[in-house]
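K.L.:
Need the 3D shape of this:
(2 chains)
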Amino acid sequence: MSILQAAKRFFPSMAGLPAGVRYGRPIRGGIHPPYGKDLAADVHTEEMPLPARVVIPMVQHTGAPAKPAVAIGAVVRKGQKIGEAQGAVSAPVHASISGKVTAIGNFLHPSGREIPSIVIESDGTDEWAEEIAPPVEPEGLGPAALRTIIAEAGIVGMGGAAFPTAVKLNPPAEKKIDTLVVNGAECEPYLTSDHRLMAEHSVEIVDGVRFLKQVLGVGRVVIGIEDNKPGAIRAMAAAARNLDGSEVVALETKYPQGGEKQVIKAVLDREVPSGGLPMDVGVVVQNVGTAYAVHEAVRHGHPLVRRIVTVTGPGIAAPKNLWARIGTPIKDLIAAAGGFKGEPGRVIMGGPMMGSAVYTLHVPVVKGSGGVLVLHRSDTVTEEYRSCIRCASCVNACPMGLMPNFLSVSAEALNFDEGKKYHPYDCIECGCCDYVCPSRRPIAQHIRFIKTELRKKAEKAKAKAA
Amino acid sequence: MAETTPPSTEKKTDAPEPRLVVTAWPHIRTPESTPRIMFSVVAALIPATLVGLYFFGSNAAWTLLWSVGSALGTEWLIRRTRGEKDTLGDGSAAVTGLLLGLTMPPSSPWWLSAIGGAFAIGIGKQVYGGLGYNIFNPALISRVFLLIAFPVEMTTWPIVAPPFPGLDVVTGATPLGQLQVGRLTGKGLGEAADVSLGAAFVGSIGGSLGETSALALLIGAGYLFAKRILTWHIPITMLLSAVLFALVFWLIDPHRYAGPLFHLLTGGLLIGAFFMATDMVTSPTTPRGQIVFGIGCGVITMVIRTWGGYPEGVSFAIVIMNAFSPMIERYTRPRRYGEVRT
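P.N.:
Residues are numbered from 1 along each chain as shown, chains lettered A, B, ... in the order given. Below you'll find the predicted structure:
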């Protein structure tokens, strides 16, 4: 932590924060990559033109895929459920435009896999389905009723992990939840979708937070926002004044400040035990985008059919924050942002740290897509990696206090049992170790490799024992 | 599934898609790289090298040329004969050769430097598998080998005769050598009492080629600190522990033991603390481990200087602590987030 950061922490007014906003605790490790947020941070959101065609994957969440609930040829309207949730951890999927189902099959997903998806060709009407109606007196609804609305609206964690929100809001009875943490850190470089949402829709977000608070029955709400978004902090602090028990906490701008475990540590000084979940320390974390989606669902009856996507990067002509319908191919988004500037090198769904590079512009926007980032070839390094010189950069950068150097070397030697001694399961795959490595080693991939191999091995042993 | 339509072939009228690079996350990386680190270290050693060349003249130039040339040649030859990728470009062999040359007596015979360079790279590094795998600092393990195998050549110090008005001409023995003679003959500090600390700061004293000028070494170290290649953990703890050690004994008997400044400015303590002990490959990667390592280097150096059979102990101290690096690392792992102690 720099001296300046320490000073800001103890004298929040020095940092120009509104009254009542305090600074969070410093987190361990982390990095300061070039943020690139200025490209789109001040660009007001705009509604994208209605797409001619959307591809809606049945997997946009963690858990079991949804099951198509319509047939080819069916006429659907915006908000109509087209995929049913399957099993305990799953989420339904809704038509994001009105039109006709023209195909159901495997289509490319931002993850790089082919996923069962429903294709809808627009009829240009964009009308809500008849069944869309806001609930009466939502303030009077109990937790179970609210959870049902949230589940039926297909809401998942909008920060990227896309865990079904209703499931997260239903912790086992023995886990006493006392605090709701609302994550508005948005630490991924370049992305500004949460920033714009907070700056433009703070009242709606806080309304959604009120319902989340109602579901969990907690008295305390802490909203964490990185201090590179003073406008968002001001807007949220003003809106949060109308919500009892809530406060806004400014966070040091540092990647991965918005990691779930990091944000909990920063705002509450609690640590999720290794192998545990936030609920083990009485916390549920929800992203600001999720809170907004909850507001839309509970207040207006709208299921999750659109989100803000930041289309940005040095390879984009006019970076924008776009309200895009779920299922819109990213080529439409890029066109709406003025197209490419120069020759694109990498197109990334999400941010540059944890996003995934795609090889075609036909992949659709899904519920967890916060951004489409276009980098030039010269913005990224692709070179052969060298041996580890034990410079300790990764040890210092690891926000989890791991020793990525040893994990990387043991993965390289295919010595997974050795790798296990260095706690690969604690790795949050933030990629800080890769970022700082002067030998360009793919450390985060090495760690994921160890995890995968150890899991395979455990399954094999289990199968043998059975 | 009723129908499978790969999207990329569906609309033939679409503009051709751009050719995109697809790699795993993260998609951005620091511009810092291993070669940049190595060549920064070379750059940081330029002041010390220039001072050495100034005070010791063409002899020093030949010593450096032979040690660097031999290190580079050995690296190239071994990689080539083993059919492995050439690694001269990573800069590590150049650093090793330069560091070795800077710790040699300035008038070493050419073959001594050549053997040193070859030993450092061959036995000190490539035997272990090359950069990153060696246990001992290659330059220092080679220096220790030369010191034991060629004790006469490795301890013959030329007379410093700078064409530099105002600075004293210093005689053949190094200050630490004078101190040892004084100790062994029971004469207390002996001639070491007359060593000018000002001369030691500038570098006009006897000693290894690049170790004599505290000023030049501090300039280079400052550069590496500014570039964040050095952190305080190893060099500061090493220097501080050596200085404290010296201070205690000096307070006990200032006529028998040299003072902390004398120890700080003479011999290889500064070059060792900033450029040798901090070798990334052979020091611990854990912050707390680096502190333990630094203290160990400082204390062992002073033990050898105070009671040892050699006048100087920096090389031995660092090489000994190199051997402990893996063990230190094991016991000083950082605290993990959410670590559950059982």
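K.L.:
Got phi/psi on the residue sitting nearest the centre point of chain A?
P.N.:
The structure's chain A has its C-alpha centroid closest to A:Gly159; by CA atoms, centre = their mean the separation is 1.7 Å. Phi and psi for A:Gly159, reported as degrees, to the nearest 10, are phi -80, psi -10.
K.L.:
Next, give phi and psi for the closest residue in space to it that isn't next to it in sequence.
P.N.:
Take A:Gly159 and drop its neighbours on the chain: the residue closest to it by CB to CB, 6 or more residues apart in numbering or on different chains is A:Asn287, 3.6 Å away. C-beta coordinates here come from the backbone N, C-alpha and C atoms, glycine included. With angles defined as degrees, to the nearest 10, A:Asn287 sits at phi -70, psi 150.
K.L.:
just for chain B, where's the confidence low?
P.N.:
B:1-15, B:159-172, B:341-342 (pLDDT under 70).
K.L.:
tell me the domain boundaries of it?
P.N.:
Each structural domain of chain B that the record assigns through automatic domain parsing is listed here as a residue range: B:34-154, B:175-330.
K.L.:
quick one: the shortest one to chain centroid distance?
P.N.:
I take that to be domain B:34-154. In terms of CA atoms, centre = their mean, to the nearest Å, the centre of domain B:34-154 is found 11 Å from the chain centre.
K.L.:
same check, this time on the longest one
P.N.:
Domain B:175-330 sits 12 Å away from the centroid of its parent chain (CA atoms, centre = their mean).
K.L.:
For it, measure first residue to last.
P.N.:
Between the start and the finish of domain B:175-330 there is a gap of 38 Å, counting by CA to CA, to the nearest Å.
K.L.:
what about that domain and chain A, touching?
P.N.:
Yes: judged by CB under 8 Å from any CB of the partner chain, domain B:175-330 and chain A are in contact via B:Met280, B:Val281, B:Thr282, B:Ser283, B:Thr285, B:Thr286, B:Pro287, B:Gln290.
K.L.:
Give me the buried entries from those.
P.N.:
Among these, those scoring as buried are B:Met280, B:Val281, B:Thr282, B:Ser283, B:Thr285, B:Thr286, B:Gln290 (criterion: 16 or more other CB atoms under 10 Å in any protein chain shown).
K.L.:
Whatever residue of the stretch 51-200 of chain B ends up closest to chain A: what's it in contact with?
P.N.:
Ranking the residues of the stretch 51-200 of chain B by distance to chain A (CB to the nearest CB) places B:Gly132 first, at 3.8 Å. Shown here is B:Gly132, whose contacts under the criterion CB atoms under 8 Å, 6 or more residues apart in numbering or on different chains are A:Arg386, A:Ser387, A:Cys388, A:Ile389, A:Arg390, A:Ser439, B:Val281.
K.L.:
Look up phi and psi at it.
P.N.:
Backbone geometry at B:Gly132, expressed as degrees, to the nearest 10, gives phi 100, psi -20.
K.L.:
any low-confidence regions in the stretch 1-150 of chain A?
P.N.:
Low-confidence regions of the stretch 1-150 of chain A, defined here as pLDDT under 70, cover residues A:1.
K.L.:
Would you mind listing what in it touches chain B?
P.N.:
Residues of the stretch 1-150 of chain A lying close to chain B by CB under 8 Å from any CB are A:28, A:33-34, A:55, A:72, A:103-108, A:116, A:119.
K.L.:
from those, which is closest to B:Ser142?
P.N.:
Within these, proximity to B:Ser142 (CB to CB) peaks at A:Arg28, which comes in at 38.5 Å.
K.L.:
What count of nearby residues applies to A:Met158?
P.N.:
27 (other CB atoms under 10 Å in any protein chain shown).
K.L.:
Name the helix or strand for it, please.
P.N.:
Element membership of A:Met158 [criterion: DSSP states H and E] is none; it lies in no helix or strand.
K.L.:
mind checking pLDDT for the residue nearest to A:Gly159?
P.N.:
Taken from the predicted model, the pLDDT recorded for A:Asn287 is 96.
K.L.:
Look up how far A:Ile223 lies from it.
P.N.:
Computed as CB to CB, to the nearest Å, the A:Asn287 to A:Ile223 distance reads 11 Å.
K.L.:
Which of the two has more residues huddled nearby?
P.N.:
Neighbours were counted for A:Asn287 and for A:Ile223 using other CB under 10 Å; A:Ile223 has more, 30 against 27.
K.L.:
for the more buried one, what are its contacts?
P.N.:
Neighbour list for A:Ile223: A:Val181, A:Val182, A:Gly184, A:Val209, A:Met236, A:Ala240, A:Ser246, A:Glu247, A:Val248, A:Val249, A:Val288 [criterion: CB under 8 Å, 6+ apart].
K.L.:
Now do the contacts for the closest residue to it other than its chain neighbours.
P.N.:
On the basis of CB to CB, 6+ apart, the spatially nearest residue to A:Ile223 that is not a chain neighbour turns out to be A:Val182, at 4.3 Å. In this structure, A:Val182 makes contact with A:Ile205, A:Val209, A:Leu212, A:Val221, A:Val222, A:Ile223, A:Gly224, A:Val285, A:Gln286, A:Asn287, A:Val288, A:Ala291, judged by CB under 8 Å, 6+ apart.
K.L.:
Strands - which of those land there?
P.N.:
Secondary structure assignment by DSSP state E places A:Val221, A:Val222, A:Ile223, A:Gly224, A:Val285, A:Gln286, A:Asn287 of these in strands.
K.L.:
Any figure for the gap between the second one and chain B?
P.N.:
Distance check for A:Val222 against chain B: by CB to the nearest CB, to the nearest Å, it reads 19 Å.
K.L.:
Kindly point out which residues are neighbours of both of A:Asn287 and A:Ile223.
P.N.:
Between them, A:Asn287 and A:Ile223 share the contacting residues A:Val182, A:Gly184, judged by CB under 8 Å, 6+ apart.
K.L.:
Could you give the number of residues near A:Ala444?
P.N.:
Here the count is done by other CB under 10 Å, and A:Ala444 has 27 residues near it.
K.L.:
what's the spacing between the helix or strand harbouring it and its chain's center?
P.N.:
Of the helices and strands defined by DSSP H and E, A:Ala444 is found in helix A:443-465. In this view, helix A:443-465 has its centroid 26 Å away from the chain centroid, taken as CA atoms, centre = their mean.
K.L.:
Could I get the contacting residues of the residue nearest to A:Gly159?
P.N.:
A:Gly157, A:Met158, A:Gly159, A:Val182, A:Asn183, A:Gly184, A:Asp194.
K.L.:
Break chain A down into its domains, please.
P.N.:
Taking automatic domain parsing as the criterion, chain A consists of the domains A:3-30+A:136-300, A:46-132+A:303-378, A:393-465.
K.L.:
Next, format the ones you listed as CSV and append distance to B:Lys85.
P.N.:
Compiled in CSV, the domains of chain A are given as follows (distance: least, CB to CB, whole Å):
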stretch, distance to B:Lys85
domain A:3-30+A:136-300, 32
domain A:46-132+A:303-378, 24
domain A:393-465, 13
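K.L.:
Bridged to A:Val182, which residues?
P.N.:
Beta bridges link A:Val182 to A:Ile223, A:Gln286 when assigned by DSSP bridges.
K.L.:
quick one: it from chain B, how far?
P.N.:
Counting by CB to the nearest CB, the gap from A:Val182 to chain B is 21 Å.
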